[in-house]
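[1] Output the structure for:
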Amino acid sequence: MPAKKTTRFRELLAQEGIIVLPGAFDAFSARLIQQKGFPAVYMSGSGTAAALLGLPDVGLITMTEMVFNARAIARAVEIPVICDADTGYGNALNVVRCVQEFEQAGVAGIQIEDQVFPKKCGHMEGKQVITKEEMVRKIKAALEARKDPNFVIIARTDARSVLGLGEAISRCQAYLEAGADIIFPEALQSREELALVAREVPGPLVANMTEGGKTPLLTAAELAAMGYKIALFPSATLRVAHKAMADFLKDLKETGTQIGWLDRMQSRQDLYDLVGLPKVNELEARYGI
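    Alright, predicted model coming up:
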């Protein structure tokens with residue numbers, strides 16, 4: 001019997017090397033990530049807000065909507081799914097329910113952050129953070145709420161942009177001491193800051209390689225050399241897909257045909273294979289449908 005997804009993600013953390021973690025915004029993009037051989041997938045909060053609701057990442061999407069997307073993604077793939085869970089959607093009591101809901105959805109872990117609720121994208125201006133002590137309480141609540149001890153709790157701090165690098169490092173250390181499994185220092189502003197945090201925080205670390213944000217873009221190999229365990233690419237799939245769609249729609253409006261795009265499209269058979277139509281056909285034949 002295959003190991004649980006939570007166990008498999010723990011095994012990935014224990015292995016040598018860095019985990020390249022692409023972001024998915026729906027079940028289809030998650031299946032593509034699995035198909036291309038990545039060992040795990042990240043459900044982006046920003047991507048979910050954009051794809052599901054057409055809204056910016058400013059705390060407008062609800063926990064219910066996020067869990068709905070998480071459940072669909074987890075059912076669609078065999079690899080572990082790590083989910084953005086924003087602030088945990090409130091105080092420590094809300095975090096308890098948040099952990100319960102995401103764990104029941106079948107994901108391998110969640111990320112919670114120390115922003116004031118409602119939050120903003122970590123690379124936007126105008127963020128606010130709660131106290132270090134309150135976030136420590138929320139981390140402890142999350143750890144107590146999980147039923148599976150292998151369910152991963154990632155603690156993110158947004159303090160760098162609000163209170164400075166020293167406070168961000170202090171919070172990373174406090175969150176690790178509180179029991180968080182992985183630490184996520186958001187919106188670090190230089191290669192030197194990334195390296196310093198890796199030296200000062202002795203635990204598994206996430207580096208967020210989001211395009212056009214405050215953090216410089218490094219390769220997974222460069223991040224691994226610094227000591228990072230996860231190189232996160234949260235919204236690249238969404239941006240690539242939407243750019244391609246925008247270019248196609250512009251051309252379709254001008255020409256009235258898709259013929260010039262056929263070699264840039266997924267084939268019909270590839271689409272059928274990805275969504276599992278051959279398996280459906282096999283079941284129909286077996287059951288005489």
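[2] Could you report the neighbour count for residue 278?
    Residue 278 has 11 neighbouring residues, counting by other CB atoms under 10 Å. In this view, the C-beta of every residue, glycine as well, is placed from N, C-alpha and C.
[3] so where's this protein uncertain?
    Residues of the chain meeting the criterion pLDDT under 70: 1.
[4] Show me the strands in the stretch 1-150 of the chain, by range?
    Taking DSSP state E, counting those that start in this stretch as the criterion, the stretch 1-150 of the chain carries its strands at 19-24, 41-43, 81-84, 109-113.
[5] out of those strands, deepest packed?
    strand 41-43 (a mean of 29; mean count of other CB atoms under 10 Å).
[6] hmm, who's touching the biggest helix by length in the chain?
    Looking only at the chain and at elements set by DSSP state H, the helix with the highest residue count is helix 236-255. If you take CB atoms under 8 Å, 6 or more residues apart in numbering as the criterion, helix 236-255 is touched by 22-25, 29, 32-33, 44, 46-47, 50-51, 211, 258, 260-261, 264.
[7] which among those end up buried?
    Buried members of the contacts of helix 236-255, counted by 16 or more other CB atoms under 10 Å: 22, 23, 24, 25, 29, 32, 33, 44, 46, 47, 50, 51.
[8] How much space separates the nearest residue to the fourth one once chain neighbours are set aside from residue 239?
    Setting aside the residues directly before and after it, residue 25 is nearest to residue 47 in space (CB to CB, 6 or more residues apart in numbering), at 3.4 Å. For residue 47, the distance to residue 239 under the criterion CB to CB, to the nearest Å works out to 9 Å.
[9] One more: residue 255?
    From residue 255 to residue 239 the distance is 25 Å (CB to CB).
[10] give the contact list for the most centrally placed residue in the chain.
    By CA atoms, centre = their mean, the chain has its centre lying nearest to residue 42, at 3.3 Å. For residue 42, the contact set (CB under 8 Å, 6+ apart) comprises 21, 22, 23, 24, 81, 82, 83, 84, 232, 234.
[11] Wait, the fourth one touches residue 46, no?
    Pointing back at residue 24 there. No - using CB atoms under 8 Å, residue 24 makes no contact with residue 46, being 11.8 Å away.
[12] per-domain residue ranges of the protein.
    Following the assignment in automatic domain parsing, the chain carries domains at 5-237, 242-286.
[13] among the ones you listed, which is the most enclosed?
    Of all these, domain 5-237 has the most neighbours on average by mean count of other CB under 10 Å, namely a mean of 19.
[14] Can you give the distance of it from its chain's centre?
    The chain centroid and the centroid of domain 5-237 are separated by 6 Å, computed with CA atoms, centre = their mean, to the nearest Å.
[15] Residue 171 touches residue 132, doesn't it?
    Yes - with contact defined as CB under 8 Å, residue 171 and residue 132 form a contacting pair (5.3 Å).
[16] ok, for residue 26, nearest residue in space, not its chain neighbours?
    What sits nearest to residue 26 in space, not counting adjacent residues and going by CB to CB, 6+ apart, is residue 51, at 5.7 Å.
[17] Would you map the helices across the stretch 101-250 of the chain?
    132-145, 159-163, 165-177, 191-200, 220-226, 236-255 (DSSP state H, counting those that start in this stretch).
[18] Could I get the buried ones among the contacts of helix 236-255 in a markdown table, plus columns for distance to residue 67?
    Formatted as a markdown table, the buried ones among the contacts of helix 236-255 follow (distance: CB to CB, whole Å):
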| residue | distance to residue 67 |
| --- | --- |
| 22 | 21 |
| 23 | 17 |
| 24 | 15 |
| 25 | 15 |
| 29 | 18 |
| 32 | 22 |
| 33 | 20 |
| 44 | 14 |
| 46 | 16 |
| 47 | 15 |
| 50 | 17 |
| 51 | 15 |
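[19] Which one of the residues you listed is nearest to residue 219?
    Comparing the buried ones among the contacts of helix 236-255 against residue 219 with CB to CB places residue 22 closest, at 14.3 Å.
[20] Kindly provide the distance from the residue nearest to residue 205 when sequence neighbours are not counted to residue 38.
    Closest residue to residue 205 in three dimensions, ignoring its sequence neighbours and counting by CB to CB, 6+ apart: residue 228, at 4.9 Å. Residue 228 sits at a distance of 17 Å from residue 38 (criterion: CB to CB).
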